[in-house]
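S.K.: I'd like to go over a predicted model; first the sequence, then the structure.
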Amino acid sequence: SQQGEEDPQALSIQEGENATMNCSYKTSINNLQWYRQNSGRGLVHLILIRSNEREKHSGRLRVTLDTSKKSSSLLITASRAADTASYFCATDGEYNFNKFYFGSGTKLNVKP
Amino acid sequence: ETGVTQTPRHLVMGMTNKKSLKCEQHLGHNAMYWYKQSAKKPLELMFVYSLEERVENNSVPSRFSPECPNSSHLFLHLHTLQPEDSALYLCASSPVAGNDEQFFGPGTRLTVL
């Protein structure tokens, strides 16, 4: 399966701390994306990193990609209670651009 | 708001009912998607439409029937569903089909009794 798998499944931190979530996948990719989902709502795109990129920043978000290890990490710095959500990585298929493969997500709880 | 709307937001139906889910995007995108999200499972891609043509059918049972009358609208017709089909059904769109950012609707929470 191409699915990304996030780790840990759940993470609980205090406001102000950094949160790190990891994603591993199985086959070659063209890009990897991170999404956030608030409880029972749709997913919101956070950041896209292409296979030839190693690191990308967007505000308090930092994403790294290691294609040799087939893994990515999402770092949220100075977390806020509003960051409480589930976070998913999504990978495309190297030979099938129509498909996205999502993992099961990391549930982040930021305590005020 | 992401520019993708879904109706209804909640739906309860019996196994013998026929109902439809509707998705509309106001973004001028050419690709639309249906996903199923069940508890504690990865998001499952069901169907992909590109320029109103179905380009992916991810081994979805025939009791789910998609329809894309134009690039702004996507339907999911439901009939003879099973309780295990209860889930959050998410619609998404993207500029083109493929490895691009997807914009998701808020979802329809479906309960099959």
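M.R.: Happy to help now that I have it. Numbers count the residues shown, from 1 in each chain, chains lettered A, B, ... in the order given.
S.K.: for chain B, give me the ranges with low pLDDT.
M.R.: For chain B, applying pLDDT under 70 flags the ranges B:99.
S.K.: center of it, which residue is that?
M.R.: Geometric centre of chain B, nearest residue: B:Trp34, 3.0 Å, by Cα atoms, centre = their mean.
S.K.: quick one: the strands in chain B, in order.
M.R.: Taking DSSP state E to define them, one finds strands in chain B at B:4-7, B:10-13, B:18-25, B:31-37, B:44-50, B:53-57, B:64-70, B:73-79, B:87-94, B:103-104, B:108-112.
S.K.: to chain A, which of these lies closest?
M.R.: The closest of the strands of chain B to chain A is strand B:103-104. By Cβ to the nearest Cβ, the value is 3.5 Å. Where C-beta positions appear, they are placed from N, C-alpha and C, glycine not excepted.
S.K.: next to chain B, which bits of chain A? Give me the list.
M.R.: Counting by Cβ under 8 Å from any Cβ of the partner chain, chain A comes close to chain B at A:3, A:30-31, A:33, A:35, A:40-45, A:48, A:88, A:92, A:97-105.
S.K.: can you flag which of these belong to helices?
M.R.: In helices, judged by DSSP state H, none of these are found.
S.K.: would you list the buried entries among those?
M.R.: Those of the residues of chain A next to chain B that meet the buried threshold are A:3, A:31, A:33, A:35, A:41-43, A:45, A:48, A:88, A:92, A:97-105, by 16 or more other Cβ atoms under 10 Å in any protein chain shown.
S.K.: near chain A, which residues of chain B?
M.R.: Near chain A, the residues belonging to chain B are B:2, B:4, B:40-43, B:45, B:48, B:50, B:55-56, B:58, B:88, B:90, B:92, B:97-99, B:101-107, B:109 when assessed by Cβ under 8 Å from any Cβ.
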